[in-house]
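In: this one's sequence-less:
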């Protein structure tokens with residue numbers, strides 16, 4: 001999410017108007033954001049598939065050639081690692097029905113055309129401008145999974161993977177390996193230079209232990225310690241689960 005570029009955040013701008021794309025991209029880049037463009041929903045989905053790390057924000061027009069913006073949002077939200085990425089729609093009509101549809105498929109913000117530079121920057125700033133602490137993102141993920149587990153009377157696991165010695169792979173590289181190897185519903189988050197968090201829905205202690213064993217095989221080097229917490233037996237909220245997993249690392 002922009003680690004290499006040190007930008008304020010990475011944005012995918014999906015807009016069929018060349019003029020609007022040019023204006024918006026220049027404005028956002030001049031204010032410290034990394035911007036990729038797409039002129040259609042199909043092109044946006046290709047760029048999402050090709051990118052190693054998720055964009056921090058997707059800005060998308062509702063009226064697009066080919067598949068429309070609402071359908072594109074649905075497909076984006078069904079893409080691995082994009083469940084928690086904010087989506088903002090651009091629309092020439094602020095009908096309540098249109099905004100409701102967009103929210104139902106996964107958007108959380110909208111901006112009416114024509115818009116001013118201040119309006120665009122304010123909304124982007126609100127969504128990603130202030131770099132969110134990865135632990136806050138994890139807390140939000142855990143809260144979401146707890147709600148899902150309660151509704152489905154199911155379990156999920158939190159795995160913390162801590163790098164304790166230098167090796168062939170740094171933490172960011174291991175994150176990319178995991179994103180390719182794990183299931184589409186699993187989430188991998190880099191908490192700091194030496195700590196990864198894996199959120200594994202519908203996974204009990206035995207299943208999470210299998211994931212840890214596979215991770216050791218994929219990385220094939222020593223210098224990693226693991227902590228595991230399972231909802232609900234190891235904690236009823238995100239703080240308790242994280243604390244339990246941290247303690248498990250220190251005892252491993």
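Out: Alright, I've got the coordinates. Values in this document were obtained by computation on a predicted structure and should not be read as measured data. Residues are numbered from 1 along each chain as shown.
In: low-confidence ranges, the stretch 101-250 of the chain, go.
Out: 129-132 (pLDDT under 70).
In: apply 80 and report the result again.
Out: For the stretch 101-250 of the chain, the stretches with pLDDT under 80 are 129-133, 136-137, 166-169, 184, 220-222.
In: what about the helices in it?
Out: For the stretch 101-250 of the chain, applying DSSP state H, counting those that start in this stretch gives helices covering 117-124, 134-152, 171-181, 205-219, 238-251.
In: Provide the secondary structure category for residue 90.
Out: strand (DSSP: H, G, I helix; E, B strand; the rest coil).
In: for the nearest residue to residue 235 once chain neighbours are set aside, give me its contacts.
Out: Using Cβ to Cβ, 6 or more residues apart in numbering and skipping residues adjacent in sequence, the residue nearest residue 235 is residue 241, 3.9 Å away. The C-beta positions use only the backbone N, C-alpha and C, and glycine is treated the same way. Applying Cβ atoms under 8 Å, 6 or more residues apart in numbering, we find residue 241 in contact with 142, 158, 229, 231, 234-235.
In: how near is residue 241 to residue 156?
Out: 9 Å (Cβ to Cβ, to the nearest Å).
In: re the thing from before, of the contacts of residue 241, which pair is most distant in space?
Out: 142 and 234 (11.9 Å; Cβ to Cβ).
In: who's more crowded, these two?
Out: Shown here are residue 142 and residue 234; by other Cβ atoms under 10 Å, residue 142 has more neighbours (24 against 18).
In: hang on, the earlier thing: reformat the helices of the stretch 101-250 of the chain into TSV and put distance to residue 56 next to each item.
Out: Formatted as TSV, the helices of the stretch 101-250 of the chain follow (distance: least, Cβ to Cβ, whole Å):
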stretch	distance to residue 56
helix 117-124	10
helix 134-152	10
helix 171-181	15
helix 205-219	26
helix 238-251	21
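In: let me know which of the ones you listed is the nearest to residue 62.
Out: That would be helix 117-124 among these, by Cβ to Cβ, at 15.5 Å.
In: show me what that closest one is packed against.
Out: Applying 3 or more Cβ pairs under 8 Å, 6 or more residues apart in numbering; DSSP states H and E, we find helix 117-124 packed against helix 18-30, strand 109-112.
In: how far off centre is the longest one?
Out: To tie it back to what came earlier, the one meant is helix 18-30. 24 Å (Cα atoms, centre = their mean, to the nearest Å).
In: swap in stretch 222-237?
Out: 21 Å.
In: do the same with stretch 244-252
Out: 26 Å.
In: do stretch 57-65 as well
Out: With Cα atoms, centre = their mean, you get 18 Å for stretch 57-65.
In: next, the buried residues of it.
Out: Going by neighbour count (16 or more other Cβ atoms under 10 Å), the buried part of stretch 57-65 is 57-62, 64.
In: next, show the common contact partners of residue 241 and residue 156.
Out: With Cβ under 8 Å, 6+ apart, residue 241 and residue 156 have common neighbours residue 231.
In: who touches stretch 195-208?
Out: 138, 141-142, 145, 148-149, 154-163, 171, 174-175, 178, 182, 185-191, 211, 228, 230.
In: weed out the non-buried ones from the residues you listed.
Out: Using 16+ other Cβ under 10 Å, the buried ones in the contacts of stretch 195-208 are 138, 141-142, 145, 149, 155-163, 171, 174-175, 178, 182, 186-191, 211, 228, 230.
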